[in-house]
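Novice: only geometry, no sequence info:
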């Protein structure tokens with residue numbers, strides 16, 4: 001981890017950052033450990049666009065990694081900034097812009113620091129599959145909300161915490177199906193929707209929708225569904 005990253009480590013787990021740094025070169029390989037993200041990315045981007053109308057919006061993607069979601073939102077003509085604390089992932093994201101041609105502002109910075117200069121700045125803030133990797137997810141939600149304009153949209157996603165999610169996301173996805181590397185997830189860090197909603201409401205945003213992402217083993221595909229027992233997306237909005 002670089003000295004720069006160490007100076008930003010107020011709400012990060014160095015082990016998690018290093019984990020994604022080590023995988024950075026494979027972010028855009030659709031047959032790599034990131035295959036599930038490639039499969040669900042169109043579902044996530046379409047969900048966000050349907051609920052926020054991305055075109056022309058100022059959008060912040062917190063924990064952007066190699067840029068899959070970030071570029072997906074840029075394709076809907078949003079003006080996107082992506083931030084992450086894994087420098088190798090950000091380098092991959094920047095390099096991929098040479099192929100895609102999108103204009104995205106990638107920054108190695110923590111949300112807590114960015115909010116100091118971007119309070120009330122963004123129309124949309126997304127933070128997908130990140131909350132379960134940080135020590136204080138409630139704090140990260142507060143930081144995200146602080147950067148929303150009045151009436152702005154916050155979209156979060158994470159893994160529910162129950163026996164079904166343990167069976168599906170860890171035993172199933174990591175050990176039986178091999179969808180993601182073993183050790184990717186820590187069950188104790190999974191977040192119940194009630195917990196997320198409580199933290200979000202405390203930060204000042206109101207729940208608009210919650211939708212599940214389910215995996216169909218026979219067809220090996222993902223779909224949006226009412227079932228939020230394992231993986232779910234949540235849309236919140238800051239009052240005008």
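Specialist: That came in fine, so what should we check first? A quick note: this is a predicted structure, and the numbers were derived from the prediction, not measured. Numbers count the residues shown, from 1 in each chain.
Novice: Quick check, residue 229 in contact with residue 163.
Specialist: No. Under the criterion of CB atoms under 8 Å, residue 229 is not in contact with residue 163, lying 9.3 Å apart. Every residue, glycine included, has its C-beta placed from N, CA and C.
Novice: Number of residues surrounding residue 162?
Specialist: Number of residues near residue 162 (other CB atoms under 10 Å) recorded here: 14.
Novice: How much space separates it from residue 193?
Specialist: Distance, residue 162 to residue 193, by CB to CB, to the nearest Å: 10 Å.
Novice: quick revisit: comparing residue 229 and residue 163, which shows the higher neighbour count?
Specialist: More crowded of residue 229 and residue 163, by other CB under 10 Å: residue 229, with 17 against 9.
Novice: Quick check: what element follows the longest helix belonging to the chain along the chain?
Specialist: With DSSP state H setting the assignment, residue counts place helix 35-52 as the longest helix in the chain. Next in sequence after helix 35-52, counting helices and strands by DSSP states H and E, comes strand 58-62.
Novice: Contacts for the helix or strand just after that following strand next, please.
Specialist: Remark: after strand 58-62, the chain's next helix or strand is helix 68-74, criterion DSSP H and E. Contact with helix 68-74 is made by 27-28, 34, 37-38, 41-42, 44-45, 48-49, 54, 59, 61, 64, 80, 82, 93, 96-97, 100, 102-104, 106, 124, 126, 128, as judged by CB atoms under 8 Å, 6 or more residues apart in numbering.
Novice: Hmm, residue 13 is touching residue 132, no?
Specialist: No. Assessed by CB under 8 Å, residue 13 is found out of contact with residue 132, at 10.5 Å.
Novice: The two - which one has more neighbours?
Specialist: Shown here are residue 13 and residue 132; by other CB under 10 Å, residue 132 has more neighbours (20 against 15).
Novice: need the contact list for the residue nearest to the more buried one when sequence neighbours are not counted.
Specialist: Closest residue in space to residue 132, ignoring its immediate chain neighbours: residue 189 at 4.6 Å, by CB to CB, 6 or more residues apart in numbering. By CB under 8 Å, 6+ apart, the contact list for residue 189 reads 132-133, 137.
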